[in-house]
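K.L.:
Attaching a predicted model along with its sequence, questions to come.
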Amino acid sequence: MAIEMIMPKVDMDQETGTVVEWLKSRGQQVEEGETILVIETDKIAIDVEAPGTGILDGISAHPGDVVPIGTVIAYILAEGEKLPEIPAGVEEVNNALTPSPTLQPGIRDIPATPVARNFAAARGVDLSTVHPTGKGGKITKADVVAVLAQRESPAAPGKIVATPAARKTARLQGLDLGLVKGSGPGGRIQVKDVERYQPQDGSQATRPIPEGDKIPLIGMRRTIAERLMASYHSIPHIQFTVRVDMTKFIKARDEYNAVALERRDEKLSVTAMLVKLTAMVLTEHPWFNSSLIDDTIIHHKDINIGVAVALDKGLIVPVVKNADQKGINQIASEVNDLITRARQENLNNADVKGSTFTITNLGPFGVEQFNAIINPPEAGILAVGATTSEVVALPDGAIAVRPIMRLTLSADHRIIDGAIAASFLSDLKAGLESPIHMNS
């Protein structure tokens, strides 16, 4: 009996996975437990093992495809076994109650995403009548929806039928869509129709499309875009900035690292010290270690600090678990290890789960001050700027040059009021300016 290979769920809040690479091809022999596929969640790349032994066949998700969890993406067959007639276990994202009809002969050969195929089957849409707009000429769910829309609401005489992307492209180019002939279902105008349009008189009616590499918004980059857009629009951010005199902080770090050098211990980074001191302050400010889930505010028992790490293809946030309960030596070791493995793309799923508060440090890049977007469902994020020499007035009225760092705290105003945020930032500033309890 054919063994279904589905898009796995490896995280509680995961809804989709992106196919990165098939390590085995259709028709090849695979062994149970052998890594045959690499997928990417919103956080990390994951190796997927074969669920059985046999011949790999029926691959329906290709590199770049974003697939709902639970969707059948391939089969493992016994020698001489044929593919099932109907893809079983395909997740219908719209939860349609209409039973899927038997696929017509030849439909399986039409390139389409698994979701589009099942969506069309549930609604009686012949895939051979659908114009594909997806990568590699594949039919997407949006293409099927467009066909259904044409059925339900035929275009009135003279009405221009075009995709939203085509309308936007035409608007940016200053092009009258009435001049463009659509190649989509029912004459719908596609983006490519706008891009390929040439005036009959040979004039330049549109601005030229910029040349350059076209990189699809998929995988980690797509998830970052979606999550931050949702956070920016759904969470009312309030920001507070303080200037911190880093004189004693730098001295404490230098003294620690001098001893670490003699003992051949790992050096203490600024980020590690920030993690420790922030965790200590969070123990006194539980509102910042909270999440708003539906209509309930949850105070988390554990203090898990996420550390944002910039990668070539995006941003990842490995997590120091129970940071308030660990000494500075252990935190220094964990932070160094997590950042190193993040840059090597060698983190596992547990390394990036469970953060309750995030620190992002752009100081090493010379950025003095910035506002960070909250990583939902957390209640706040701390943006750390570069330490620069500045002229300051001392309490006795004297003028001196001191190392100054700016911290900007972004808070979820649904959970945290201004006075609470100010108190948190004041305590953190005090801890940084006098880090005498850091080893506790």
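P.N.:
Sure, I can see it. Residues are numbered from 1 along each chain as shown.
K.L.:
Secondary structure class of the spatially closest residue to Ile436 that is not a sequence neighbour, three-state.
P.N.:
What sits nearest to Ile436 in space, not counting adjacent residues and going by C-beta to C-beta, 6 or more residues apart in numbering, is Ala252, at 7.9 Å. Yep, even glycine has a C-beta here, placed from its N, CA and C like the rest. Assigned state for Ala252: helix (three-state reduction, DSSP: H, G, I helix; E, B strand; the rest coil).
K.L.:
Ok, Ser389 next?
P.N.:
Ser389 ends up strand, using three-state DSSP.
K.L.:
Then Ala116?
P.N.:
From three-state DSSP, the assignment for Ala116 is helix.
K.L.:
just the helices in the stretch 201-350 of the chain please.
P.N.:
219-234, 247-263, 270-282, 328-343 (DSSP state H, counting those that start in this stretch).
K.L.:
Out of these, which is closest to Gly397?
P.N.:
helix 247-263 (17.9 Å; C-beta to C-beta).
K.L.:
Now the closest one: buried residues?
P.N.:
Phe249, Ala252, Arg253, Tyr256, Asn257 (16 or more other C-beta atoms under 10 Å).
K.L.:
any idea of the angle it forms with helix 270-282?
P.N.:
Helix 247-263 runs at 120 degrees relative to helix 270-282, counting by axes from the mean of the first three to the mean of the last three C-alpha atoms, to 10 degrees.
K.L.:
so how far is helix 247-263 from its chain's centroid?
P.N.:
Centroid separation for helix 247-263 versus its chain: 37 Å, with C-alpha atoms, centre = their mean, to the nearest Å.
K.L.:
Would you mind putting the CA coordinates of that helix into PDB?
P.N.:
C-alpha atoms of helix 247-263 as PDB (Å, rounded to 0.1, in the frame of the first residue of the first chain):
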ATOM      1  CA  THR A 247      31.400  53.700  31.900                       C
ATOM      2  CA  LYS A 248      30.900  51.100  34.600                       C
ATOM      3  CA  PHE A 249      29.400  48.500  32.200                       C
ATOM      4  CA  ILE A 250      32.500  48.600  30.000                       C
ATOM      5  CA  LYS A 251      34.800  48.500  33.100                       C
ATOM      6  CA  ALA A 252      32.900  45.400  34.400                       C
ATOM      7  CA  ARG A 253      33.100  43.700  31.100                       C
ATOM      8  CA  ASP A 254      36.800  44.400  30.700                       C
ATOM      9  CA  GLU A 255      37.600  43.100  34.200                       C
ATOM     10  CA  TYR A 256      35.600  39.900  33.500                       C
ATOM     11  CA  ASN A 257      37.300  39.300  30.200                       C
ATOM     12  CA  ALA A 258      40.700  39.800  31.700                       C
ATOM     13  CA  VAL A 259      40.000  37.000  34.200                       C
ATOM     14  CA  ALA A 260      38.400  34.900  31.500                       C
ATOM     15  CA  LEU A 261      41.500  35.200  29.400                       C
ATOM     16  CA  GLU A 262      43.700  33.900  32.200                       C
ATOM     17  CA  ARG A 263      41.300  31.000  32.800                       C
END
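K.L.:
which SS state does the residue lying closest to Ala372 once chain neighbours are set aside fall under?
P.N.:
Distances taken as C-beta to C-beta, 6+ apart put Ala383 closest to Ala372, at 4.1 Å, once the chain neighbours are dropped. Put simply, Ala383 is strand when judged by three-state DSSP.
K.L.:
Tell me which residues touch Ala383, please.
P.N.:
Shown in contact with Ala383 (C-beta atoms under 8 Å, 6 or more residues apart in numbering): Thr360, Leu362, Gln369, Phe370, Asn371, Ala372, Leu407, Thr408, Leu409, Ser410.
K.L.:
Please identify, among those, the one with the most neighbours.
P.N.:
Of all these, Ser410 has the most neighbours under the rule other C-beta atoms under 10 Å, reaching 25 neighbours.
K.L.:
elements contacting the host helix or strand of that one?
P.N.:
Element membership for Ser410 (DSSP states H and E) is strand 399-412. For strand 399-412, the packing partners by 3 or more C-beta pairs under 8 Å, 6 or more residues apart in numbering; DSSP states H and E come out as strand 237-245, helix 247-263, strand 380-393, helix 418-433.
K.L.:
out of these, which comes closest to Lys276?
P.N.:
helix 418-433 (9.2 Å).
K.L.:
mean confidence for that closest one?
P.N.:
Per-region confidence: helix 418-433 scores 95 on mean pLDDT.
K.L.:
for stretch 239-254, same thing?
P.N.:
95.
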